[in-house]
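**Student:** Got a predicted structure plus its sequence, pasted below:
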Amino acid sequence: MTQERYDELVAQSKVLVETERDTLFKLGDNALEVEPLQAQGGARAAAGEDIQSVEETLRRFADDVGICIGTLMNYRLTAAHWPAEHRVKGVSIEIHRILMGHPDRFELICKPPFNRRYGQHRWTEDAAKRARGWQVQSPVSVQEKVTAIHGLAADDQVAAQVAVDLLRRPAVADEVPAQARVEAIRDLARDERVAAEAATGLLHRPDVAFKAMSDDRARQSVNHAQVERGRQAREEFERSSELAPAIRRFERTAEFLDLVGACHAFVATTNRVVPGLRGRTVCEDEKAVLSENIARVRALEWIEHAVETGDVDVDEVLARLLRGE
């Protein structure tokens, strides 16, 4: 097709569109004459009639004309918001409809925005929606595209899949702030099973495990979990294994040997080290350290008490000494 023929068709079509605009506004005007609107925008029923009769009248009018009642109501409402003297030629009724709720619509419609695609000022449906702050059909800016994605991902299942797919793109993931990623991981790991599996996988990475264990609370939690898991495993073994009685006897023997070895090591070390202090002056800092550790030797009394009574509980003072507090 030649450019000349194209321009000819555009000119003809503009006339048709303008004719259609006038026709549709006239339909709205006629519907307003059948049933005018109140100043607030509601239907104004005649004396002795209710709102329902207004709708029935308009439905009958739409049926007689051969048009959908919903379409007629839209034309009527648009015509009511755009008096004839404020209707702009060359601007479709749909753009008038979009702008009809804008408080400065009469001035706004006379100032169409610049359209980069066409290199001129003109109204399009998307331009009108932008003026109203609505979601556009063809998003251009980053925010418009984000809004469009949110609209498409209103369903949680769709949103979850979109999030997964987007975060698989390294460039996208890199743009997410570190704190936002941490919060997202926390939200995703609310389920205990998911959290456990994720933590296990992360702690398989040496650098992650090293940094995680630098946190006192995390380290204490891991230590506590290890002790608790060992306790549960031992209880399960003692409850269900046929070998449990034999193992308990062996452990008692092993514990006895360990205790004897500990006492022997203490005595041997003391006999070797203490004579070496002859003639040596101990400074105050050294005395403080030695005094603190000598106080822990009270554990010997604990051993004696345990052997005689079988009670291995310790008083709070000794417990704190053994913990180094």
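**Tutor:** That came through, no problem.

**Student:** Going by C-alpha atoms from here, please, whenever you check contacts or count neighbours.
**Tutor:** Will do.

**Student:** May I have the phi/psi pair for the residue lying farthest from the centre of the chain?
**Tutor:** The C-alpha centroid of the chain is most remote from Gly279, which lies 70.5 Å away (C-alpha atoms, centre = their mean). The phi/psi pair for Gly279 (degrees, to the nearest 10) reads phi 80, psi 0.

**Student:** distance of it from Ser291?
**Tutor:** 19 Å (C-alpha to C-alpha, to the nearest Å).

**Student:** Only alpha carbons, please: show the helix or strand hosting Asp285 as PDB.
**Tutor:** Following DSSP states H and E, one finds Asp285 within helix 284-295. Listed next in PDB are the C-alpha coordinates belonging to helix 284-295 (Å, rounded to 0.1, in the frame of the first residue of the first chain):
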ATOM      1  CA  GLU A 284      48.900 -10.600  91.600                       C
ATOM      2  CA  ASP A 285      47.400 -11.400  88.200                       C
ATOM      3  CA  GLU A 286      48.800 -14.900  88.400                       C
ATOM      4  CA  LYS A 287      47.500 -15.300  92.000                       C
ATOM      5  CA  ALA A 288      44.000 -14.300  90.800                       C
ATOM      6  CA  VAL A 289      44.000 -16.900  88.000                       C
ATOM      7  CA  LEU A 290      45.400 -19.600  90.300                       C
ATOM      8  CA  SER A 291      42.800 -18.800  93.100                       C
ATOM      9  CA  GLU A 292      40.000 -19.000  90.600                       C
ATOM     10  CA  ASN A 293      41.100 -22.500  89.400                       C
ATOM     11  CA  ILE A 294      42.000 -23.700  92.900                       C
ATOM     12  CA  ALA A 295      38.400 -23.000  93.900                       C
END
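
**Student:** and it, how far out from the chain's middle?
**Tutor:** For helix 284-295, the separation from the chain centroid amounts to 55 Å (computed by C-alpha atoms, centre = their mean, to the nearest Å).

**Student:** Tell me the helix or strand right after it.
**Tutor:** Next in line after helix 284-295, if elements are assigned by DSSP H and E, sits helix 299-309.

**Student:** Can you name every helix or strand that that following helix contacts?
**Tutor:** With contacts taken as 3 or more C-alpha pairs under 8 Å, 6 or more residues apart in numbering; DSSP states H and E, helix 299-309 sits against no other helix or strand.

**Student:** pLDDT on it, on average?
**Tutor:** Averaged over helix 299-309, pLDDT sits at 71.

**Student:** now do stretch 142-149
**Tutor:** In this model, stretch 142-149 has a mean pLDDT of 76.

**Student:** what ranges do the helices span in the stretch 201-325 of the chain?
**Tutor:** Along the stretch 201-325 of the chain, counting by DSSP state H, counting those that start in this stretch, helices occupy 206-213, 216-240, 244-273, 284-295, 299-309, 316-322.

**Student:** Where does pLDDT dip in the stretch 151-300 of the chain?
**Tutor:** 153, 166-167, 172-174, 181, 188, 243-244, 246-257, 298-300 (pLDDT under 70).

**Student:** Stretch 212-224: which residues count as buried?
**Tutor:** Across stretch 212-224, burial judged by 16 or more other C-alpha atoms under 10 Å covers no residue at all.

**Student:** from here on, count from 714
**Tutor:** Happy to do that; since the first residue is 714 now, the last one works out to stretch 925-937.

**Student:** roughly how far is that stretch from the heart of the chain?
**Tutor:** On C-alpha atoms, centre = their mean, the centre of stretch 925-937 falls 27 Å from that of its chain.

**Student:** Same question for stretch 720-734.
**Tutor:** The answer for stretch 720-734 is 50 Å, by C-alpha atoms, centre = their mean.

**Student:** Tell me which residues touch the residue farthest from the centre of the chain, please.
**Tutor:** The contact partners of Gly992, by C-alpha atoms under 8 Å, 6 or more residues apart in numbering, come to none.

**Student:** Check the gap between Lys907 and Thr913 for me.
**Tutor:** Just to correct that, residue 907 is Val rather than Lys. In terms of C-alpha to C-alpha, Val907 sits 10 Å off from Thr913.

**Student:** Same question for Ile811.
**Tutor:** Ile811 is 54 Å from Thr913, by C-alpha to C-alpha.

**Student:** Pick out whichever of those two has more residues nearby.
**Tutor:** Ile811 (20 against 12; other C-alpha atoms under 10 Å).

**Student:** Who are the contact partners of that one?
**Tutor:** Ile811 is in contact with Glu838, Ala841, Lys842, Arg845, counting by C-alpha under 8 Å, 6+ apart.

**Student:** just to revisit the earlier point, Serialize the helices of the stretch 914-1038 of the chain to CSV and add fields for distance to Tyr831.
**Tutor:** Output for the helices of the stretch 914-1038 of the chain, formatted as CSV (distance: least, C-alpha to C-alpha, whole Å):
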stretch, distance to Tyr831
helix 919-926, 54
helix 929-953, 61
helix 957-986, 86
helix 997-1008, 86
helix 1012-1022, 91
helix 1029-1035, 82
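
**Student:** Alright, that wraps it up for me.
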